[in-house]
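> Kindly return the folded structure for what I paste below:
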Amino acid sequence: MIEKKLELRKLVIYYSFEGNTKFIAENIAKITDADLAELKPKKELTSKGFMKYIWGGSQVMMKKRPELYPLEKNPEDYDIIFIGTPVWAWTFAPPLSTFFHSNSLQNKKIALFSCNRGQNGKTFENMKKELEGNDILGEIELFDPLLKDKNKNLQKIEEWIKGMFINL
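Just a heads-up that it's a prediction; the model follows:
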């Protein structure tokens, strides 16, 4: 049974603005032996400090879908897909909106993760709406993982992954 689980093709897709989501994505890929695919906007926000919240939040409210560079991996080729995002204005970041509307994922096993510095809001609820027709294996919210005890956050994702994989 364990060998069968290891044969499943896994992909971690993520967008990261400040590195938190990237840190978690890279560690999920390492733990699960998954491929990694970063969503990269052709025109990235350049605001830092408080202004990043204004510009990022306005993109969410205006339902922007920034143009992305093509992914090097085809999500259709994978059995399990981890999808990660920072939380912007209590939901997923705009590059994920572009991804969801450019790919029609169906009948996939999907795990969701988010990184935030405040509240997750409706991030997972909104992601699940975009991913109807898929089996959502689980979700995990991480609070500021680069600044708030990296080792504890890594332990948290390891336990989360083990819990999901037991049921496959």
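
> What score does Leu68 have for pLDDT?
With respect to pLDDT, Leu68 scores 84.

> For the protein, which segments are assigned as helices?
Along the chain, counting by DSSP state H, helices occupy 2-7, 20-32, 51-61, 94-102, 123-130, 150-166.

> any idea what sits nearest the residue nearest the centre of the chain, other than its immediate chain neighbours?
Centroid-nearest residue in the chain, with Cα atoms, centre = their mean: Gly84, separated by 0.8 Å. Of all residues not flanking Gly84 in the chain, Tyr14 sits nearest, at 3.8 Å (Cβ to Cβ, 6 or more residues apart in numbering). Yep, even glycine has a C-beta here, placed from its N, CA and C like the rest.

> doesn't Leu11 make contact with Asp35?
Yes - assessed by Cβ atoms under 8 Å, Asp35 is found in contact with Leu11 at 5.0 Å.

> Overlap of the contact sets of the two?
Common contacts of Asp35 and Leu11 (Cβ atoms under 8 Å, 6 or more residues apart in numbering): 73, 78.

> Which one of those two is surrounded by more residues?
Neighbour comparison, Asp35 and Leu11: the larger count goes to Leu11, with 23 against 15 (by other Cβ atoms under 10 Å).

> which ones are touching Leu131?
Counting by Cβ under 8 Å, 6+ apart, Leu131 touches 83, 100, 105, 110.

> So which of the residues you listed wins on neighbours?
Ile83 (29 neighbours).

> Give the bridge partners for that one, please.
Ile83 has these beta-bridge partners by DSSP bridges: Ile13, Leu112.

> one step back: what's the closest of the contacts of Leu131 to Asn20?
Nearest to Asn20 among the contacts of Leu131 is Ile83, at 15.0 Å by Cβ to Cβ.

> From Ile166, how far out is that closest one?
Going from Ile83 to Ile166 by Cβ to Cβ, to the nearest Å gives 21 Å.

> Closest one of the contacts of Leu131 to Asn116?
Ile83 (15.2 Å).

> Return the residues in contact with the closest one.
Contacts of Ile83 (Cβ under 8 Å, 6+ apart): 13-14, 96, 110-113, 127, 131.

> most neighbours, which of those?
Tyr14 leads those on contacts (other Cβ under 10 Å) with 27 neighbours.

> That residue contacts Thr21, correct?
Yes - contact criterion Cβ under 8 Å: Tyr14 and Thr21 qualify, at 5.1 Å.

> between these two, what contacts are shared?
84-85.

> CA atoms of stretch 111-125 as CSV?
Presented in CSV, the C-alpha positions along stretch 111-125 are these (Å, rounded to 0.1, in the frame of the first residue of the first chain):
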residue,chain,number,x,y,z
ALA,A,111,-4.5,20.0,-0.7
LEU,A,112,-4.7,23.8,0.1
PHE,A,113,-2.2,25.9,2.1
SER,A,114,-2.1,29.5,2.9
CYS,A,115,0.3,31.9,4.7
ASN,A,116,-0.9,35.1,6.4
ARG,A,117,-0.1,37.8,9.0
GLY,A,118,-3.6,38.3,10.2
GLN,A,119,-6.7,36.3,9.2
ASN,A,120,-7.3,33.6,6.6
GLY,A,121,-10.7,35.0,5.9
LYS,A,122,-12.5,33.1,3.2
THR,A,123,-9.3,31.9,1.5
PHE,A,124,-10.1,28.2,1.5
GLU,A,125,-13.8,28.6,0.9
